[in-house]
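# Just a sequence and a predicted model for now, questions to come.
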Amino acid sequence: MTITEVGSARRRKEDARLITGRTTWTENVTLPGMLHLAILRSPMAHARITSIDVSPALETKGVVAAFSGRDVADVQGALPCAWPVTADMVHPDRPPIAVDEVKFMGEAVAVVAARSRAAALDAIAAIEVDYEPLPAVLDMEAAIADGADLVHADKGTNKGYTWVFDSAEAGTGGDAAAALDGAEVVIKRRYVQQRLIPAFMEPRSVVVDPTGDAYSIWSATQIPHILRFLISVVTGTPEHKVRVIAPDVGGGFGGKLQVTPEELIAFVAAKRLGRPVKYTESRSESLVSAHHGRDVIQDLELAARRDGTVTGLRVKLLANMGAYMGLVGPGVPILGAFMYNAIYKFPAYRFECSGIFTNTTITDAYRGAGRPEATYAIERLMDELAAELGLDPMDVRRRNWIKAEEFPFTTVCGLQYDSGDYDKATDRAMELLGYDELRAEQQRRREAQDPVQLGIGISTYTEMCGLAPSRVLGSLRYGAGGWETASVRMLPTGKVEVVTGTSPHGQGHETAWSQIVADQLGVAFDDVEVLHGDTRTSYKGLDTYGSRSLAVGGIALYNACQKVLDKAKPIAAHMLECDPADLEFTGGQFRVRGNPDGGKSMADCALAVFAAHDLPDGIEPTLDADAVYDPVNFSFPHGTHLCATEVDTETGRVTIRKYVAVDDIGKVINPLIVEGQVHGGIAQGVAQALFEEAVYDADGNLMTGTLVDYTLPTAADLPSFVTDRTESPAPDHPLGTKGVGEAGTIASTPAVVNAIVDALRPMGVNDIAMPCTPERVWRAVQGGAA
Amino acid sequence: MIPPSFDYAAPTTVDEAVSTLRDAGEDAKVIAGGQSLLPLLRMRFAAPSTLVDLGGVAELRGVREDGDAIVIGAMVTHADVLRDPLVNAHLPLLAQATSTVADRQVRHRGTFAGSLAHADPAGDLPAVALVLGASMEIAGPGGRRVVPASEFFVDYLESVVAPDEVLVAVRVPKQGAWQGRYEKFNRVAQGWALVGVAALVKRENGTVTAARVGLTNMGSTPLRATAAEEALAGAGDAEAIGAAAARAAEGTRPSDDMLASADYRRHLAGVLTKRAVASLV
Amino acid sequence: MTRVSMKVDGVEYEDDVEPRTLLVHHLREQLGKVGTVVGCDTSNCGACTVLMSDPEGRQQGVKSCSVLAVQADGREITTIEGLSGPDRTLHPVQRAFHEAHGLQCGFCTPGMIMAAVDLLQENADPTEDEIREGLEGNLCRCTGYQNIVRAVQEASAEIRQGAQAEPAPPSPRAGEAQTPDDGLPREHVPDETIPQPVP
């Protein structure tokens, strides 16, 4: 078999419908007799609903129905949490529509169904609600102090769980407390991962069509399969009567990894009214009600020797869950727990995380989910350690990181890192940046007291991709497995349909999967059609998140292709009148070994099984094959990102002068798609460092409730990034790939902040809270200089 | 989101627009480009009974020269301003400041006069109109009146234009010997100015002989930095300019909000004034 | 209800609309032009960008969520669905977005392409900074903008050369460039059939 497609920069198949405006977003789905929903949302962070009257809405023109949480309390079910991280986790029931009490601003309190969206919006304004304000719990430390006001009075605590990993207890390493007690140097810091909003470009939308006793649900979701399963469980609807369709989905970044109140509300409304309904959120609704990300306070203690060798790390987190537990929200910090030791050989480690309830929008997965927080913490700490010891920050890292010859390497967390070469990626990144030249310029600017100072930030990261081995997930109390599935169907004309259980929403699976199949089966790239996102065609799968689709789903696909080849071989042998053992599959043809002429292609075999006139005895007339793959390990991409920033000390403005990313994600299926993932990931990480923050006021009002206030960067706010790759193939993957969806986001945030702090360190600055706004930077300069 | 219902009127003359406004009462609202109003309507922060669309009023179009001034009609968009030869020849500060307003699409619809009438202190053009000594021609039931920019802005989102009046045109004196520069400081490209400074200077042999400094978002209306203006007169080198510019925030009471503290805004006003003036000498 | 007439993607329409109807909703719901999408409610995202003629007949990029349908009365509008040529050949900007991988999820893409078309109408040969500033009214959450900028550069070169069929590569394209500064290492790039719009 000759490989021609894998590794080539194929332009994407998905593009044709997207660049011409001819695709299907959920919001484009319009059904006969469809009603439009509008949702009245709580203007308060915490309040008792003393009365609610939806009848004025019913008198509004065009309105068909209106109901409150109380009206549907018995049938609306509760939103699921799939990751109870501890046996005693507090998990309050979360109704899709609030019944007696609202617990965060933006929570649904009533719903209107009308003939037009405008009429539904007019009508919700007529609904009368009386609220009795309750104290809003907002600050995590105050929330766990004695006598704190409670988000859930009946639970008696705002602490949802405490989860601990200790390498001494686990037997994977030493005692962090002992390491800290006896340390030559201890670096102690508190970092705050501000609250972010995923802000996918396509607002969430859901259409539910009830027909007989079955329901078709279109949703802008990352997880059609999980949604189908959980809608069935939560509403008591037989699973085979629920069909979920995720048509083209406009971005997710973890933000659409959720079973949402809006999906359940639409389901309940459609069931109640017996008519199709559609709900599409506005952007301001999305910002306040779709789940947020990050929002973690990190208390960190790093123990080291004076030569820069790290001897232990202790991490204590407070993670803001918001008002309820999201689908996988409690587990997000736990995904980070195994990454604080990063690429380093720390001998001792302790991690403790408490999930805290507050009267805010729930938090849950956002690109990187736990791993960016961990990487930020350790990469900031390594810089601080170097500064404390007067060492070069890259030298300190090199002293501690795992060497290429030490792979596979079992970390202090017990994970086995598969492959990598940190020196190689770093050397390449330093060369591309012009590290030495920039250090020289930095020195010149310092000596000249230039108002614009230069800083260089380093981030040497790894991450765990390919979520996940099911046994590992089980041991972490996650509610599902981590396998993935693929089906390959040979059509009689030699064309191929591939059904994948992954659910792309911008990642280009149709293109990359076609490349894999084309190589494996010797068919043309254009002869492969990839089907996904409709549980009627793709009935099984675990969807797309956690950089898992290629790392896990890609193996399932590869394995399914091998099964197809195995089925085709005896048929080809029969046609060629030879022993299957004498055949080889090369250049898209089964040929008798040593004879370059007269082979049979997959198309020949497909036609033969279709006709089935002359097949070997006892053979099933099909080439189609399914495969399910459960990974044996995570994969561990790594890389070195370097950022040079100019800091205007008069205004505090930070400008990225140059950004270099050298990533090692193993083998690459499509370098164009990989590059795009890296660019976008870096942009989101830079945005955390410089621009974005969800802010609540003292009463629990979201102050960043529109895109005017939640400041996403535009093209004018970002530079071009220099990207390159090194390649350490994944040993557990037949194609050697690792995953790239989250790498840029994980790596870039500390690179930027380290660069800013590096620029200002001579002024006495050793930290700036994120996002590093001009004012915060300016204040640091003032404070440092004072 | 979708705006609440309203009645719609599309007059073709200024008189008709004024009479429509008078008949429709206090809750009527004028719409020109609508780039500030429509987002407010969509968020249902405003609920006018009637929208009076000036788009069909021919008199409000066009830029013309009138002696030592340029007269800009109420329906002249930012994009019109940017491509207009009279503006580029005689009001380069206005052209440069306009290029920093919002984005291309908004500049294609939004109007110069509308951004003044909206009277948002974070808007870029009110401070520019102020330093350029613009005056506003306003039509109402009692006829027309002319109000200088210094008296036009009343408070946050409030100008002297009454509910039954229409801002017809803005008359802007030619810059002549004045050199101008608008310095805008925002957090992201889409952000409103945290602070903006519109500077006009006259100079001789590298020395500033006269200066006008307008401030964006340093109070509830655009302001003149009079202390800095006085101190700048006679400033001959970077140090003197810096010292004079540092007084830009004197007498201002900028807001202290999520976007920036008052202290930081005061500091920025000085830095931006220094940079604007320094770029002109 | 108010009667409005407008020419959209070359076809004349006459409809009654509520005055409060936004142009984007009129396009999507009354005219079926669902290629133009809504991404926000504050006119930040630009996903709804279309070209609309001004009173002098100049086609300009506008955010169709911030124009009332009644304000578009008598105007000519081009949406993403009307950008392709009469024989459904792609506009150079569409083709460049495909070639340079200027889109991922594709939701911002209609507006981004229309904004780029608008920019290139006014400035046929923009610098990178001019492209970045020219697209400041449009948000993308997937691409980090880098390949969008690259796409606009490629489209600019193609339009200037007036070559519809086989443009000479103006700058190293993603997937073909030699150095990391200019994109990806050179690797095998298969011959590409230009995708056709779905009829």
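Looks like it arrived, so ask away. Numbers count the residues shown, from 1 in each chain, chains lettered A, B, ... in the order given.

# only C-alpha atoms for contact and neighbour calcs from this point on.
OK.

# Show me where the stretch 101-250 of chain B has its helices.
Using DSSP state H, counting those that start in this stretch, the helices assigned to the stretch 101-250 of chain B run over residues B:104-109, B:112-118, B:125-131, B:149-152, B:226-232, B:238-245.

# Looking at those, which is nearest to A:E384?
Proximity of the helices of the stretch 101-250 of chain B to A:E384 was assessed by C-alpha to C-alpha; the nearest stretch is helix B:238-245, lying at 36.0 Å.

# Could you list every helix and strand in contact with that closest one?
The contact analysis (3 or more C-alpha pairs under 8 Å, 6 or more residues apart in numbering or on different chains; DSSP states H and E) places helix B:238-245 against helix B:226-232, helix B:262-278.

# Let's have the helices of the stretch 101-250 of chain B in JSON lines, adding distance to B:G55 and mean neighbour count.
Formatted as JSON lines, the entries for these read as follows, by distance: least, C-alpha to C-alpha, whole Å; neighbours: other C-alpha atoms under 10 Å in any protein chain shown:
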{"stretch": "helix B:104-109", "distance to B:G55": "10", "mean neighbour count": "26"}
{"stretch": "helix B:112-118", "distance to B:G55": "12", "mean neighbour count": "24"}
{"stretch": "helix B:125-131", "distance to B:G55": "21", "mean neighbour count": "28"}
{"stretch": "helix B:149-152", "distance to B:G55": "23", "mean neighbour count": "19"}
{"stretch": "helix B:226-232", "distance to B:G55": "38", "mean neighbour count": "21"}
{"stretch": "helix B:238-245", "distance to B:G55": "42", "mean neighbour count": "19"}
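
# so can I have CSV of those helices showing mean pLDDT?
As requested, the helices of the stretch 101-250 of chain B are exported to CSV (pLDDT from 0 to 100):
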stretch, mean pLDDT
helix B:104-109, 98
helix B:112-118, 98
helix B:125-131, 98
helix B:149-152, 98
helix B:226-232, 98
helix B:238-245, 97
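
# Format those helices as JSON lines; extra columns: distance to A:R776.
Formatted as JSON lines, the entries for the helices of the stretch 101-250 of chain B read as follows, by distance: least, C-alpha to C-alpha, whole Å:
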{"stretch": "helix B:104-109", "distance to A:R776": "30"}
{"stretch": "helix B:112-118", "distance to A:R776": "31"}
{"stretch": "helix B:125-131", "distance to A:R776": "27"}
{"stretch": "helix B:149-152", "distance to A:R776": "34"}
{"stretch": "helix B:226-232", "distance to A:R776": "26"}
{"stretch": "helix B:238-245", "distance to A:R776": "23"}
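
# Of these, which is nearest B:L37?
Going through these one by one, with C-alpha to C-alpha as the measure, helix B:112-118 comes closest at 8.6 Å.

# near chain C at all, the closest one?
No: using C-alpha under 8 Å from any C-alpha of the partner chain, we find that helix B:112-118 stays clear of chain C, coming within 14.6 Å at best.

# on that earlier part again, winner for burial among the helices and strands packed on helix B:238-245?
Each of these was scored by mean neighbour count; the highest is helix B:262-278, a mean of 23, by mean count of other C-alpha atoms under 10 Å in any protein chain shown.
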